[in-house]
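Engineer: based on what follows, work out the 3D shape:
(chains A and B)
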Number of protein chains: 2
Amino acid sequence: MAKAKVRIVFCEGCKWALRSGWYAQELFSTFHGKLAAIELVVGESGQFQVWANDQCLWDRKEQGGFPEIAELKRLLRDCIAPDASLGHCDLEAGAE
Amino acid sequence: MAKAKVRIVFCEGCKWALRSGWYAQELFSTFHGKLAAIELVVGESGQFQVWANDQCLWDRKEQGGFPEIAELKRLLRDCIAPDASLGHCDLEAGAE
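Structural biologist: The predicted structure is shown next:
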């Protein structure tokens, strides 16, 4: 299976570059060997979206806020590697 | 002038994703409004390069290591916004 390409589109004026860089670090760490690239893209005012290939995993204006990192990892896993275990992230989801 | 696109190509096996994410955060902070995107790309073994549009600013195998963040900012500034001041980074360079 081809490695996935993630794209994080963020509002620079809202100072979400730090958050976006942190998300990227978390995703590379958890999805080691499964990602080809993560692109951090300066978007429009108030915009925050996370895409996996051509699928939108998260849109702040739809979902009303930001994903917890564990939730974002579950969404990405379900999209690109549905059989992979996320360890603690899955345990947390089960406990909810 | 069109906003610049930066690309950081790193070796995932060498665990340079954290470093790459940190560089991205620093560059977005310093070059606010001047960047369109920063792409973090999983490269080959031992590879670490920083590109601004189609120009290679840094290649670990050529330069023998990693850039200090102030040096990387100067290289990027010289490439995409030669008239911009970098404040402390320029002062440090003048003191070298």
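Engineer: could you point out which element follows the top helix by length along chain A?
Structural biologist: Looking across chain A with DSSP state H, the single longest helix is helix A:17-30. Under the assignment DSSP states H and E, the closest C-terminal helix or strand after helix A:17-30 is strand A:35-42.
Engineer: the closest residue to residue A:79 other than its chain neighbours: how many residues sit nearby?
Structural biologist: Leaving aside its sequence neighbours, residue A:79 sits nearest to residue A:52 (Cβ to Cβ, 6 or more residues apart in numbering or on different chains; 4.6 Å). In short, each C-beta sits where N, CA and C put it, glycine included. With neighbours defined by other Cβ atoms under 10 Å in any protein chain shown, the count for residue A:52 comes to 21.
Engineer: give me the below-cutoff pLDDT ranges for chain A.
Structural biologist: A:91-96 (pLDDT under 70).
Engineer: now do the strands in it.
Structural biologist: For chain A, applying DSSP state E gives strands covering A:4-10, A:35-42, A:48-52, A:55-59.
Engineer: save those strands as TSV, and put in distance to residue B:75 too.
Structural biologist: Formatted as TSV, these follow (distance: least, Cβ to Cβ, whole Å):
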stretch	distance to residue B:75
strand A:4-10	24
strand A:35-42	19
strand A:48-52	30
strand A:55-59	34
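Engineer: ok, which of these comes nearest residue B:27?
Structural biologist: strand A:35-42 (9.8 Å; Cβ to Cβ).
Engineer: so what secondary structure elements neighbour that closest one?
Structural biologist: On a contact count with 3 or more Cβ pairs under 8 Å, 6 or more residues apart in numbering or on different chains; DSSP states H and E, strand A:35-42 meets strand A:4-10, helix A:17-30, helix B:17-30, strand B:35-42.
Engineer: distance check, the residue nearest to residue A:79 against chain B.
Structural biologist: For residue A:52, the distance to chain B equals 15 Å [Cβ to the nearest Cβ, to the nearest Å].
Engineer: show me the one of the helices and strands packed on strand A:35-42 that comes nearest residue A:44.
Structural biologist: Taking these one by one with Cβ to Cβ, strand A:4-10 is closest: 8.3 Å.
Engineer: the closest one near chain B at all?
Structural biologist: No: between strand A:4-10 and chain B, judged by Cβ under 8 Å from any Cβ of the partner chain, nothing touches; the nearest distance is 8.7 Å.
Engineer: which elements pack onto that strand?
Structural biologist: By 3+ Cβ pairs under 8 Å, 6+ apart, strand A:4-10 packs against helix A:17-30, strand A:35-42, strand A:48-52, helix A:69-80.
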